[in-house]
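Colleague: Starting from these lines, generate the structure:
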Amino acid sequence: MSEHVKPSRSYHSPLRAAQARETRRRVVAAARELFLKDGYPRTTIAAVAARADVAADTVLHLFGSKRGLLKETMDVTIGGDDQDVPFLERDEPQQMAREPDQRRQIAIFAACITRQLERIRPWDYILRRAAAVDTDAAALRASRQLVQRRAAMRFVAQAISAHGPLRAPEGAGEQGAVETAAAVLWTASSPEVHQMLRDHWGWTPEAYESWLRTTLESSLLP
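Modeller: Have a look, this model is predicted:
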C-alpha cells in the first residue's frame, strides 16, 4: 500500500518580506550615496556592502552585479520611489493619456518630465562619464536612451495623437506624424538639453518647463 505524500507548502512571512525590502532599500541608499560621491567606476560592491552594513554576497544576490545595482538606483530615482510599477503605468502618464485636450496633455507631460529630469540630472551625468570608460555603463545608458526613452516618447506621441491631429512632415502618413512627434519629444526632453538650459544657461525648473510646454505645442500641434 503506497503512502500519500502531501506536497510541501510554500511559506510566506510578512516579517521576512518587510526585512528583505528594508535591506534592499538600505543597499540602494548606500549605492546612491557612493555613486554620487565617488562616481560609478570607483564605487565597489564591497564599499556599498560596508556602507549598508550587509555582506557583499547579499548585494550580489539582490542585484546580480554593480551594473544591476546602478540600474536599480536609477529606476528608483526615475520613478521617485521603489514601487515595482513600470513608469508608463504610473498615475501621471496614465492621467496624460486619458486627458482629452491635447494642450493639457502636453502641459501634464512637461510638468512630469521636468520633475523627473530634476531628479535624474546628476545620475545622467554619472552615467555619461561612466559610459566613456565602462562597457556595462555604456550598455545601460544606450538601453535607457535608445530603447526605454524612445518607447516612452512613442507612448506619449500616440496618446496625444489619439485626441487630435499632429503636425507632420509634408507627405507623411499618420504613422509618420506619430514618429515625428516621438522624435521631437525625445529630443526636447532629453537630459542633455535639460542640462544645457539648467546648468549652462542658468534657467530655473519653471523656465525649462514653460519652454518645453510651448515648444512642444508649437512643434506638435497644427
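Colleague: For the rest of this, base every contact and every neighbour count on C-alpha atoms.
Modeller: Noted.
Colleague: which residues make contact with stretch 95-111 from outside it?
Modeller: Stretch 95-111 is touched from outside by 92-93, 156, 159-160, 163-164, 209-210, 212-213, 216-217, with contacts defined as Cα atoms under 8 Å, 6 or more residues apart in numbering.
Colleague: Which among these count as buried?
Modeller: 92-93, 156, 159-160, 209-210, 212-213, 216-217 (16 or more other Cα atoms under 10 Å).
Colleague: which element follows the helix or strand containing A49 toward the C-terminus?
Modeller: Assigned by DSSP states H and E, A49 belongs to helix 45-52. Using DSSP H and E, the next helix or strand after helix 45-52 towards the C-terminus is helix 56-63.
Colleague: per-residue confidence averaged over the helix of greatest length in the chain?
Modeller: Taking DSSP state H as the criterion, the chain has its longest helix at helix 102-131. Mean per-residue pLDDT for helix 102-131: 90.
Colleague: Helix or strand: which one has the residue nearest the centre of the chain?
Modeller: Centroid-nearest residue in the chain: I78, 3.9 Å away (criterion: Cα atoms, centre = their mean). Counting by DSSP H and E, the element that carries I78 is helix 66-79.
Colleague: Tell me how far the helix or strand just after that helix lies from the chain's centre.
Modeller: Using DSSP H and E, the helix or strand that follows helix 66-79 in sequence is helix 91-98. Relative to the centre of its chain, helix 91-98 is centred 16 Å away, using Cα atoms, centre = their mean, to the nearest Å.
Colleague: same question, stretch 138-150
Modeller: The answer for stretch 138-150 is 10 Å, by Cα atoms, centre = their mean.
Colleague: got it, and stretch 137-145?
Modeller: That offset, for stretch 137-145, works out to 12 Å (Cα atoms, centre = their mean).
Colleague: Return the set of buried residues in it.
Modeller: Buried residues in stretch 137-145, counted by 16+ other Cα under 10 Å: 137-138, 140-141.
Colleague: Pull the residues that contact it.
Modeller: For stretch 137-145, contacts defined as Cα under 8 Å, 6+ apart pick out 67, 71, 127-128, 130-132.
Colleague: redo that, cut-off 10 Å
Modeller: 40-41, 66-68, 70-71, 124, 126-132, 135-136, 146-151, 186, 190-191 (Cα atoms under 10 Å, 6 or more residues apart in numbering).
Colleague: Check which helix or strand Y40 maps to.
Modeller: Using DSSP H and E, Y40 sits in no helix or strand.
Colleague: these two touch, right, it and K71?
Modeller: No - using Cα atoms under 10 Å, Y40 is not in contact with K71, being 11.5 Å away.
Colleague: Roughly how far does W203 sit from L197?
Modeller: 6 Å (Cα to Cα, to the nearest Å).
Colleague: do F63 as well
Modeller: Taking Cα to Cα as the measure, F63 falls 34 Å from L197.
Colleague: Cheers, nothing more for now.
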